[in-house]
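Student: here is a sequence together with a model predicted from it:
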Amino acid sequence: MKDVAPRSAVQGQIIEAFSFRHATKVFDPEAKIPEGEFATILEAGRLSPSSFGMEPWQILVIQSPEKRELLRPFSWGANGAFNGTAGQLGTASHFVVFLAHTGATMSHESEYPMTHAREVKQFPEEALEGFNAAYTKFQKEDFRLDSDREITNWSARQAYIALGNMMTAAAFMAIDSCPIEGFDAAQASAVLETHFGIDPKLCKPAVMAAFGYRAGPPMFAKTRRSLDDTVSWF
Ligand SMILES: Cc1cc2nc3c(=O)[nH]c(=O)nc-3n(C[C@H](O)[C@H](O)[C@H](O)COP(=O)(O)O)c2cc1C
């Protein structure tokens, strides 16, 4: 499919927001996102879709500079070591860690899926048995999520959807962001347990994100494969 021109106003705004967004390496440390706008970013995450509507994520917003520093030694993708700056950790207005729920809560054998279906999704009692059967079949047969690691990775995939939506919401408000996978997951998990009270049996770090306002122009030009190279129509 070729680019369709002319674009409607909404199409133009969408492309503008996606073009504006880039993986920001250094933020203006003095520029703070207004509370209401960050609340909207969080709301975009909360309202995100998830498989079976399980919302298998937790979102930590880390504003304490001391707490952020605990992440620095093993977060090579956010510590600015590559460009000699304080990195996203030291300059972002808001710094987020997404946690993925493990099998302890998300397995079809645990209590959580049914409790969530009943209490959050408000499924009627008569629908619960069918829901449980579908969820169990999905995990055991369709996607074969048969280890704690598989289930945690599945949860992380859902968290990435929330992450994407939060970055897009930010871009619509001219707020910059950076997704961050550049960290040692085992060390992050250990620090989160010791200093943030996160039980690694229940939640593991999936991905991080920084939000704020760029300190300067993007460090890298935005490059992408062509649409023809990316999309096949049948
Ligand atoms: C899941 C994920 C993890 C990423 N991790 C990092 C990171 O740790 N540090 C960083 O500076 N950029 C990180 N990036 C940014 C990518 O390098 C960037 O999105 C890509 O090069 C395209 O550039 P653009 O986003 O500026 O268009 C990550 C992106 C994604 C989607």
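Tutor: Now that the structure is in, tell me what you want to look at.
Student: how much space between residue 156 and residue 85?
Tutor: Plainly put, residue 156 is 28 Å away from residue 85 if you go by Cβ to Cβ, to the nearest Å. For glycine as for every other residue, the C-beta is placed from the backbone atoms N, C-alpha and C.
Student: so for the two, which sits in the more crowded spot?
Tutor: Neighbours were counted for residue 156 and for residue 85 using other Cβ atoms under 10 Å; residue 156 has more, 21 against 15.
Student: for the one helix or strand that one maps to, packing partners?
Tutor: Per DSSP states H and E, residue 156 falls inside helix 148-172. When contacts are defined as 3 or more Cβ pairs under 8 Å, 6 or more residues apart in numbering; DSSP states H and E, helix 148-172 packs onto helix 9-20, helix 35-46, strand 57-61, strand 94-101, helix 103-106, strand 176-180, strand 203-212.
Student: now tabulate these in JSON lines and tack on mean neighbour count.
Tutor: Formatted as JSON lines, the helices and strands packed on helix 148-172 follow (neighbours: other Cβ atoms under 10 Å):
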{"stretch": "helix 9-20", "mean neighbour count": "12"}
{"stretch": "helix 35-46", "mean neighbour count": "16"}
{"stretch": "strand 57-61", "mean neighbour count": "17"}
{"stretch": "strand 94-101", "mean neighbour count": "24"}
{"stretch": "helix 103-106", "mean neighbour count": "21"}
{"stretch": "strand 176-180", "mean neighbour count": "25"}
{"stretch": "strand 203-212", "mean neighbour count": "25"}
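Student: any stretches of this structure with poor pLDDT?
Tutor: Along the chain, segments meeting pLDDT under 70 span 1-5.
Student: dump the residue contacts of the spatially most central residue of it.
Tutor: Closest residue to the average C-alpha location of the chain: residue 163 at 2.7 Å, with Cα atoms, centre = their mean. The contact partners of residue 163, taken as Cβ atoms under 8 Å, 6 or more residues apart in numbering, are 45, 98, 179, 207, 209.
Student: same thing but at 7 Å, please
Tutor: Applying Cβ atoms under 7 Å, 6 or more residues apart in numbering to residue 163 gives the contacts 98, 179, 207, 209.
Student: turn those into CSV, including distance to the ligand.
Tutor: Compiled in CSV, these are given as follows (distance: Cβ to the nearest ligand atom, whole Å):
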residue, distance to the ligand
98, 10
179, 4
207, 6
209, 9
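Student: show me which pair in those is furthest apart.
Tutor: Farthest apart among the contacts of residue 163 by Cβ to Cβ are 98 and 179. That separation is 9.6 Å.
Student: so what sits against both of the two?
Tutor: Common contacts of residue 98 and residue 179 (Cβ under 7 Å, 6+ apart): 163, 207.
Student: residues near the residue of the chain found nearest the ligand, how many?
Tutor: Relative to the ligand, the nearest point of the chain is residue 77 (2.0 Å; Cβ to the nearest ligand atom). Using other Cβ under 10 Å, residue 77 has 20 other residues around it.
Student: secondary structure element for it?
Tutor: Per DSSP H and E, there is no helix or strand for residue 77.
Student: tell me the residue in this protein that is farthest from the middle.
Tutor: Among residues of the chain, the one most distant from the C-alpha centroid is residue 126; the distance is 33.6 Å, by Cα atoms, centre = their mean.
Student: good, wrapping up.
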